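> mind looking at a prediction? Sequence and model below.
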Amino acid sequence: MDFLTGDLEAVVLGKQPRTWTGFFKTNVAADLGLDPQKNPKFMLVTGMVGLRRAGGTRQQPSSAACYVAEITSGKIVAYAIPWSPPMYSAGQMQTGPLVVVGLPIRFRQAAGAGSGRRSRCHAKD
C-alpha cells in the first residue's frame, strides 16, 4: 500500500519456491472518491472470505481479502484477487486490477464532522 498515492498492489506466490504467479493493483483513493492531495490516512488489514464466482467468468474471487479504511473520511472498501485456478495450475502469470468485493461505505463520520460520536455503518453515501 502506497499511503501517499493510494495505490494498492498485491502479488501471489507461485507453486515453485521463490517464484511469483500474480500481480494485481488498484487505486484505493479513486475507489473511495478521495483527493490524494488532502493527505488521506489509510489503515489496511487482510482476512479470509468465501465468495462465489460471478456470472460466467473463468475467474473467481480469491479466498483472501484486503480491507482498506481511510480514517479522515470514515470510508472502507474490500478487495479480492480475481483468480483463475486453471491458470495457476498451468503455471501461467495472472495480472489485472484488484476487484472490489465490499462496496465502499462510511463506517463512521468523517474526522471533524458532527458531534464526534461514532455512527453505525450504513450504505454508500
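Alright, I've got the coordinates.

> not counting its neighbours along the chain, what's nearest the residue nearest the centre of the chain?
In the chain, the centroid-proximal residue (CA atoms, centre = their mean) is Tyr79; its distance is 2.9 Å. In this structure, Tyr79 finds its nearest non-sequential neighbour in Leu98, 4.2 Å apart by CB to CB, 6 or more residues apart in numbering. Heads up, the C-betas are built off the backbone N, CA and C, glycines and all.

> and the longest strand for the protein?
In the chain, with assignment by DSSP state E, the single longest strand is strand 60-70.

> give me the sheet partners of that one and which way each runs.
strand 42-48 (antiparallel), strand 75-83 (antiparallel) (DSSP bridges).

> what does the last one rub up against?
Outside strand 75-83, the residues that touch it by CB atoms under 8 Å, 6 or more residues apart in numbering are 8, 10, 12, 22, 24, 26, 28, 31-34, 49, 51, 57, 59-62, 64-70, 94, 96-107.

> how far does the longest strand of the chain sit from its chain's centre?
Here strand 60-70 is found 5 Å from its chain centre; the criterion is CA atoms, centre = their mean, to the nearest Å.

> mind listing what's buried in that strand?
Residues 60-62, 65-70 are the ones in strand 60-70 that count as buried (16 or more other CB atoms under 10 Å).

> repeat for stretch 86-105
Neighbour-count burial for stretch 86-105, counted by 16+ other CB under 10 Å, picks out 88, 94, 98-99, 101-102, 104-105.

> list the contacts for Ala10?
Ala10 makes contact with 22-25, 66, 79, 81, 98, according to CB under 8 Å, 6+ apart.

> at 6 Å instead, please
Counting by CB atoms under 6 Å, 6 or more residues apart in numbering, Ala10 touches 24, 81.

> now the strands for the protein?
Along the chain, the segments classed as strands by DSSP E run 7-13, 20-27, 42-48, 60-70, 75-83, 94-97, 99-106.

> in a markdown table: those, plus mean pLDDT.
Converted to a markdown table, the strands of the chain look like this (pLDDT from 0 to 100):
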| stretch | mean pLDDT |
| --- | --- |
| strand 7-13 | 93 |
| strand 20-27 | 95 |
| strand 42-48 | 92 |
| strand 60-70 | 89 |
| strand 75-83 | 93 |
| strand 94-97 | 94 |
| strand 99-106 | 89 |
